[in-house]
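Engineer: show me the folded form of this:
(chains A and B)
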Amino acid sequence: MECPEGVLLLLSFTAIFFSCEHTVPELEAQLAAMRKKAADALPGSSWSPFDINPNLPPERADIVIIGGGVMGWSIAYWLKQKERVREGVKVIVVERDLTYSQASTVLSAGGIRQQFSLPENIHLSLASADFMRNINEHLGVLNEDPVDLQFNQSGYLFLASEEVAHIMEENYSTQRQVGAKVTLLSPTQLKEKFPWINTDGVALASYGLENEGWFDPWSLLNAFRRKAMSMGVIQCCGEVTDFKYTVSMMTSPGGDPVVYKRINSVKVQMPKGLEYQMVECAIVVNAAGAFSGKLAEMLGISSNPKDTIAGTPVPVEPRKRYIYVVHCPDGPGLDTPFLIDYSGMYFRREGLGGNYITGASPKEADEPDTSNLEVDHQFFEDSVWPRLAYRVPAFEKLKVTSAWAGFYDYNTFDQNGIIGDHPVINNMYFATGFSGHGLQQSPAAGRAVAELILDGNFKTLDMRGLGFRRIMAQEPILERNIL
Amino acid sequence: MLKILIPTLLLIPTSWLAKAKWLWPTTLLHSFIITLFSLAWLKNTTETNWSTLNPYMATDPLSSPLLTLTCCLLPLMILASQNHLAQDPLVRQRIYITLLVTLQLSLIMAFAATELTMFYVMFETSLIPTLILITRWGNQMERLNAGTYFLFYTLASSLPLLITLLAFQNKTGTLSLLIIQLLGPIPISPYVNIIWWTTSLLAFLVKMPLYGVHLWLPKAHVEAPIAGSMILAAVLLKLGGYGMMRLMLILSPLAKELCYPFIILALWGVLMTSSICLGQTDLKSLIAYSSVSHMGLVAAAILIQTPWGLTGALILMIAHGLTSSALFCLANTNYERTHTRTMILTRGSQMILPLMATWWLITCLANLALPPLPNLMGELIIISALLGWSWWTIIFTGAGALITATYSLYMYLMTQRGPVPNHMISMNPSHSREHLLLTLHLLPLLLLVFKPTTIWGSAY
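Structural biologist: Presented below is the predicted three-dimensional model:
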């Protein structure tokens, strides 16, 4: 076998001799190609005769996280953070759309608040706010740019009418008890603090003084992703289309048959193609957001009778919400909080150029169609603008500059997150169904799921109240909203 | 000899002609019968030590325990592989059993060989079915890398052995073990004798493995399927030890100074690999490194060439073969249920599978050389022999014994005790096949407590 240099020399001479009209750059390109081919033939190169798709996920992993939104990457980061030895667990995150065009994370308004009525929610948001204030301690990667979340701690301002003021007061005492820094304002104090508000109809206002505001969800997602990947989490672009699971029929002490399922492997399909890979795994985490219910369906839950434990579907479905960006040069100033009105309207400041983000929750009966992410501008004209202009008179003159729509991973059962393992599917953990407050709770929820997986139960925050048990027992834990 | 070889050979047509339903029970039963016959080898009746003699094969007290171990392992491998191969198509199952039987044949002929040429050929032959086993039936992409490491480490180190054997044949006119043991020192020029010594023993040192050239072992053991791991840990490593013991007969005057660095390397390896065990997250990787650690002791013992050293080496080889194979079987039972080898995700099994926890306990205690099991006998004899060679070795062997105890207990506590993770609460119960498998590993070990002289080798 001639040495590569000899081959190169011979071929180059031949090339020169037989085709003198070729220019020098072309010859150089040919030479470079030949050199590369020779280098591939030598041992040590990564050429292989099997033309396998390099984007396929590995054949086995310990933990497969389905869904590459902020929740999925938060769980991946915390799993690696808690693994105690390097390469303790092999984690892969499967995300079907790396442009995140339909993901709830990046389409979110990005707010964070502790003004909930459930202590679990308040704990989660408080811990997450603490995490985000020290984000570079947690997610800083050596030699890379520091993380800048643009966390505006301008606070949330909830406005309550006469009928719901008592709920606000009760919520306020719960929040103070848990440790959130919230204060109640009367209408006069409100007018004094924010002169641009029209306080008609407002009986009480609740204002967050610290750890509340908004931040850039894309930065948080990328920070989690960058840090997790630097710790060894493998990212895979693909869609989970199927599961391979074993079924074991058992009998409960009462004599009823119980069917336990255990996922053996996850079928990951490559985007735009027929190739797929069965990833053998020990644990699957469902962090698929709005599409979690559909994912759990692949495990054959709906084939069981509806009233059994095995047949209870995962009650998460996508709900479309619109966000409109408006420009109003005479609008409220730079200390504008994230205002939420009792009529369901909300708005917040966006940037420093007089832009604001606004929207409203539609009524139960008028839920928009979730098959696409088209924006309904009529909704703004009918439902948002009137309430906006009523509450803040300066907003009577504004211009809608842009708008987008995003999905809530809406928990149809009680609109609160589901964190925990499934009673019947043994090795599937859930972190979904947050119905609009997932992004703000993602750092703490990720830590809770990681503790559940690696330590066996919750260590820092007790999230058993948010587990699957409440859905099985049909005991909803509803937020007592003022909306 | 033929009464074992022919039935083993005929297991191949058995595996091809048996009906699908009866494939595994038939091969299991027949290999058990072969094991029972092979127990007859353990009785050495002659004074020259060589029994069942024919021109090509013989057994002596050094090879008969290893032969019996090999024959004992085939039914255990078949038993262990039954579950994970059940999903494979029938032809593939037949091929698997054929591979196991071929490996078995080459190993029997290797241990029973009287001519060193036949030993060498069988030594190399055993590589091929193992390689196929690892690369075809292993679980992950890394198995290709593992197979490459395994094959090329052994091949590269054993080619010099071939040259040495040919040169030896040229010089002395014979390669028969029966004659070599009677030859005097061989005249070799003073510089070539170093090369002679190294090339003779390098293949076996790599196979043992010695600490510096052990890199193939964690890869191969982890990526192999259960039968591959079992045969690798139990028998293939012992091929190295056995080869060393045989070949050092022809190297006797040269070994006085040349063995020094290798003994140090082996003892240092005991310490190092035991420490690596403490930081492993993968269960099979932990067991693989524990194998390297035990074999380091064996290598050191063989290299010092004293009767006690050789006896201790043989005892430890047999005991370690059974223990290590049992540990791999236990790790496999875990793996088949949870599909992960990471220890942090498979904790607290004692609550769920209590009887399996018993086997875990006994096997982990055997691994840390608990009296009166032969593991302790072997280690104690080796440590005493090394102490006689030099007082300083007690540092290595003592610290090694300590760390061995630490990681064995760590392995037990990590997998069996602790909080039960949520995803393990309802696992499949243990199969009686698995209980049988582990009993058949531990029963010989316990029986050897009562008659250890069976595995004491030629020094008894």
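
Engineer: contacting residues around B:Ser51?
Structural biologist: Going by Cβ atoms under 8 Å, 6 or more residues apart in numbering or on different chains, B:Ser51 touches B:41, B:44-45, B:58-60, B:64. Yep, even glycine has a C-beta here, placed from its N, CA and C like the rest.

Engineer: ok, the closest residue to chain A within the stretch 51-200 of chain B to A:Asn53 distance?
Structural biologist: Of all residues in the stretch 51-200 of chain B, B:Gln140 sits closest to chain A, at 5.2 Å by Cβ to the nearest Cβ. Separation of B:Gln140 from A:Asn53 (Cβ to Cβ, to the nearest Å) stands at 17 Å.

Engineer: returning to what we had before: tell me the pLDDT of the residue of the stretch 51-200 of chain B closest to chain A.
Structural biologist: B:Gln140 carries a pLDDT value of 79.

Engineer: OK, contacts around the residue in the stretch 301-450 of chain A positioned nearest to chain B?
Structural biologist: In the stretch 301-450 of chain A, the residue that lies nearest chain B is A:Asn427 (3.8 Å; Cβ to the nearest Cβ). Counting by Cβ under 8 Å, 6+ apart, A:Asn427 makes contact with A:262-263, A:282-284, A:421, B:338, B:423.

Engineer: need the residues you listed in a markdown table with distance to A:Pro362 and neighbour count, can you?
Structural biologist: Shown next, in a markdown table, are the contacts of A:Asn427 (distance: Cβ to Cβ, whole Å; neighbours: other Cβ atoms under 10 Å in any protein chain shown):
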| residue | distance to A:Pro362 | neighbour count |
| --- | --- | --- |
| A:Arg262 | 40 | 21 |
| A:Ile263 | 36 | 23 |
| A:Ala282 | 41 | 28 |
| A:Ile283 | 37 | 26 |
| A:Val284 | 33 | 28 |
| A:Asp421 | 33 | 22 |
| B:Thr338 | 45 | 23 |
| B:His423 | 39 | 27 |
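
Engineer: neighbour count: B:Gln140 and A:Asn53, which is higher?
Structural biologist: Ranked by neighbour count (other Cβ atoms under 10 Å in any protein chain shown), B:Gln140 and A:Asn53 place B:Gln140 first, with 16 against 10.

Engineer: which bits of the stretch 1-150 of chain A sit near chain B?
Structural biologist: Neighbours of chain B within the stretch 1-150 of chain A, by Cβ under 8 Å from any Cβ of the partner chain: A:58-60, A:62-63, A:83-85, A:87-90.

Engineer: coming back round to it: quick check on the contacts of B:Ser51: which are buried?
Structural biologist: Buried subset of the contacts of B:Ser51 (neighbour count, 16 or more other Cβ atoms under 10 Å in any protein chain shown): B:41, B:44, B:58-60, B:64.

Engineer: least confident of these?
Structural biologist: Out of those, that is B:Asn44, at 76.

Engineer: helix, strand, or coil at the nearest residue to it once chain neighbours are set aside?
Structural biologist: Spatial nearest neighbour of B:Asn44, chain neighbours left out: B:Pro61 (5.0 Å); criterion: Cβ to Cβ, 6 or more residues apart in numbering or on different chains. When classified by DSSP: H, G, I helix; E, B strand; the rest coil, B:Pro61 comes out as coil.

Engineer: next up, phi/psi of B:Pro61, please.
Structural biologist: Backbone torsions for B:Pro61, taken as degrees, to the nearest 10, come to phi -60, psi -20.

Engineer: for it, give me its contacts.
Structural biologist: Counted by Cβ under 8 Å, 6+ apart, B:Pro61 has contacts B:44, B:49, B:456-458, B:460.

Engineer: and if you look at A:Gly331?
Structural biologist: Residues counted as contacts of A:Gly331 (Cβ under 8 Å, 6+ apart) are A:196, A:354, A:356, A:392, A:394-395, A:398.

Engineer: how far away is it from A:Phe379?
Structural biologist: 21 Å.

Engineer: surely B:His431 touches B:Ala80?
Structural biologist: No: applying Cβ atoms under 8 Å as the test, B:His431 and B:Ala80 come out as separate, 11.1 Å apart.
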